[in-house]
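Undergrad: Using only what follows, build the 3D model:
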Amino acid sequence: MSRAKAPAWTQPEVDILQDVYPRAGLAGVCQALPGRSWAAIEQKAHKLKVRSPIVGDAPKPKLQGENLEEAIRLREVEGWSFARIGATFDVCESSASNAVLIALCPRKGFTPAQRDAHGRMTSEGHERLHLMLRKGLKAVDIQLRLGLSASTIAEQRRRYAANLKARGKAPLPPVGGGERYSGAKYTREQLREVERMLMTGLGGPKIADQLGVSKTHVQRVRAKLVKRLRRKGECLPGCDTIGRRIRIIDTVAAVPDAAIEKVKAFILDGVPVRRAALLANIGSCRAYRVRNELRAELEARGEAMPKVRPVKRGQGRAADERATWLPKGRINLILFRSILRDCNGDDGEARRLTVRAIAERDGQDASLAEQLDRIKLGAAVVPRFEYRRADSTMTLGGVATGTLS
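TA: Prediction:
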């Protein structure tokens, strides 16, 4: 549930801020304006350029003591997300991430940024932060190395970038060295393109690969889109109203329609299901589901399933396995089915290209792998013909010459 937006500052509140802040600092304004948080007061004072000689203590993480230790365990051992940790301890996601990363900084062997007695960064700490900004490190990496909050890093990045621009220096490199990651910002056009592809039924990994957007960001866009569609009584293609996938639209691992039709033709011809799966190059589980769907379709028309014909001699499972083939492993299976789509259902050509692709990927000789696969299909091995140079005495002219002498 989204947090309600804070009300706009009124003129009496601004007058109190300008009067109390120079004399009593942030703590005094917090007492005078209990309805405003210290972050809102500090930000408003910065915008109004109101200064105070009183330096208050830096805010401390909201997770302390046993709660902090449990949050660290959930993150490091259980692998929980910061959003889940924040929901468990009734704090926001950013507060949970700040507390955990700041506590992990010295435990991971890093030296936290130098601070004064009030917990504020010193000039040496600022210089270390500027060095990491010039290296293009991500905010989460800087948090872990310096023990700083995400808001501090973002604010210092803005100030340092403005300072470099004012002095005519080279700008800071892009965050993460230009690499796209879950914390990177995207344009509205990119977000709209993600939503458009989600409405076509594609999944998150495929969209991330095609658009170059992180998978985490695609998931966040998808969650917001699911909520927006549910309010309208709509849902994503192939999903229910809560975004759960109930029907696969199109994936590289999906069985091609041509293979499914081939299985149906074999079953209608009386071929056993397992043998039909082998002949069509699909898994037996998928073949049995096709059989059940075909049976329901025939019963709806008042027809019966054809009887299974007995397998003739020489047409057993071993013979079918030599003639048909599915590669072992999900990665190889996905590769085969993607090539099969490009070959328009040609099993033989798809098998040959898949064998070569797997061999090249694994650093093997593709030609040798293709020859071994042909032998597995039943190709015979014949001795290589050795060509010999012709002997003059054995030629027709030589024999004739010998008879004349």
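Undergrad: ok, residue 246 - how many residues close by?
TA: For residue 246, the count of nearby residues is 8 (other CB atoms under 10 Å). To be clear about C-beta, it is placed using only N, CA and C from the backbone, and glycine gets the same treatment.
Undergrad: Report the separation between it and residue 235.
TA: 9 Å (CB to CB, to the nearest Å).
Undergrad: got it, and residue 133?
TA: When CB to CB is the yardstick, residue 133 and residue 235 sit 43 Å from each other.
Undergrad: If you count surrounding residues, which of those two has more?
TA: Set residue 133 next to residue 235 and count neighbours by other CB under 10 Å: residue 133 wins out with 20 against 16.
Undergrad: Quick check: mean pLDDT of stretch 123-134?
TA: Mean pLDDT, stretch 123-134: 94.
Undergrad: Equivalent analysis for stretch 226-235, please.
TA: On average, stretch 226-235 scores 92.
Undergrad: Any idea how far apart the tips of it sit?
TA: 7 Å (CA to CA, to the nearest Å).
Undergrad: Could you give the separation of that stretch from the chain centroid?
TA: A distance of 24 Å separates the centroid of the chain from that of stretch 226-235, by CA atoms, centre = their mean, to the nearest Å.
Undergrad: Give the buried residues for that stretch.
TA: Residues of stretch 226-235 classed as buried by neighbour count (16 or more other CB atoms under 10 Å): 226, 229, 235.
Undergrad: And the helices in the stretch 1-150 of the chain, which stretches?
TA: Assigned by DSSP state H, counting those that start in this stretch, the helices in the stretch 1-150 of the chain fall at 11-32, 38-48, 65-76, 82-88, 93-107, 123-135, 139-146, 150-166.
Undergrad: And residue 205, how far from residue 337?
TA: From residue 205 to residue 337 the distance is 16 Å (CB to CB).
Undergrad: Compare the two (neighbour count), which wins?
TA: Just comparing residue 205 and residue 337: by other CB under 10 Å the higher neighbour count belongs to residue 337, 22 against 12.
Undergrad: hang on, the earlier thing: would you turn the helices of the stretch 1-150 of the chain into TSV with distance to residue 188?
TA: What follows is the helices of the stretch 1-150 of the chain, written out as TSV (distance: least, CB to CB, whole Å):
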stretch	distance to residue 188
helix 11-32	33
helix 38-48	25
helix 65-76	32
helix 82-88	23
helix 93-107	23
helix 123-135	26
helix 139-146	22
helix 150-166	20
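Undergrad: Among those helices, single out whichever gets nearest to residue 278.
TA: Proximity to residue 278, assessed across these by CB to CB, is greatest for helix 82-88 (45.1 Å).
Undergrad: what residues does that closest one touch?
TA: 71, 74, 75, 80, 92, 93, 94, 95, 96, 97, 100 (CB atoms under 8 Å, 6 or more residues apart in numbering).
Undergrad: at 6 Å what do you get?
TA: Identification of contacts with helix 82-88 by CB atoms under 6 Å, 6 or more residues apart in numbering yields 71, 74, 92, 93, 96, 97.
Undergrad: That helix: how far from the chain's middle?
TA: Centroid separation for helix 82-88 versus its chain: 21 Å, with CA atoms, centre = their mean.
Undergrad: Where does pLDDT dip in the stretch 201-350 of the chain?
TA: Along the stretch 201-350 of the chain, segments meeting pLDDT under 70 span 247-254, 311-326, 330, 345.
Undergrad: sorry, that was for the stretch 51-200 of the chain
TA: For the stretch 51-200 of the chain, the stretches flagged by pLDDT under 70 are 177-184.
Undergrad: how does it look with 80?
TA: The model of the stretch 51-200 of the chain has pLDDT under 80 over residues 54-59, 176-185.
Undergrad: measure residue 124 to residue 115 for me?
TA: Taking CB to CB, one finds residue 124 at 10 Å from residue 115.
Undergrad: sorry, that was for residue 131
TA: Counting by CB to CB, the gap from residue 131 to residue 115 is 17 Å.
Undergrad: same thing with residue 91?
TA: Distance of residue 91 to residue 115, given as CB to CB: 23 Å.
Undergrad: Show me which of the two is the more surrounded one.
TA: Using other CB under 10 Å as the criterion, residue 91 and residue 115 rank with residue 91 on top: 20 against 15.
Undergrad: Compute the number of surrounding residues for residue 148.
TA: Counted with other CB under 10 Å, residues neighbouring residue 148 total 25.
Undergrad: what sits against it?
TA: Residue 148 is in contact with residue 113, counting by CB under 6 Å, 6+ apart.
Undergrad: And for the one 4 residues further on?
TA: With contacts defined as CB under 6 Å, 6+ apart, residue 152 is in contact with no residue.
Undergrad: now do residue 137
TA: For residue 137, no contacting residues are found, by CB under 6 Å, 6+ apart.
Undergrad: begin at 59 from here
TA: All right, first residue 59 from here; so that's residue 195.
Undergrad: how much space is there between it and residue 189?
TA: Applying CB to CB, the value for residue 195 to residue 189 is 9 Å.
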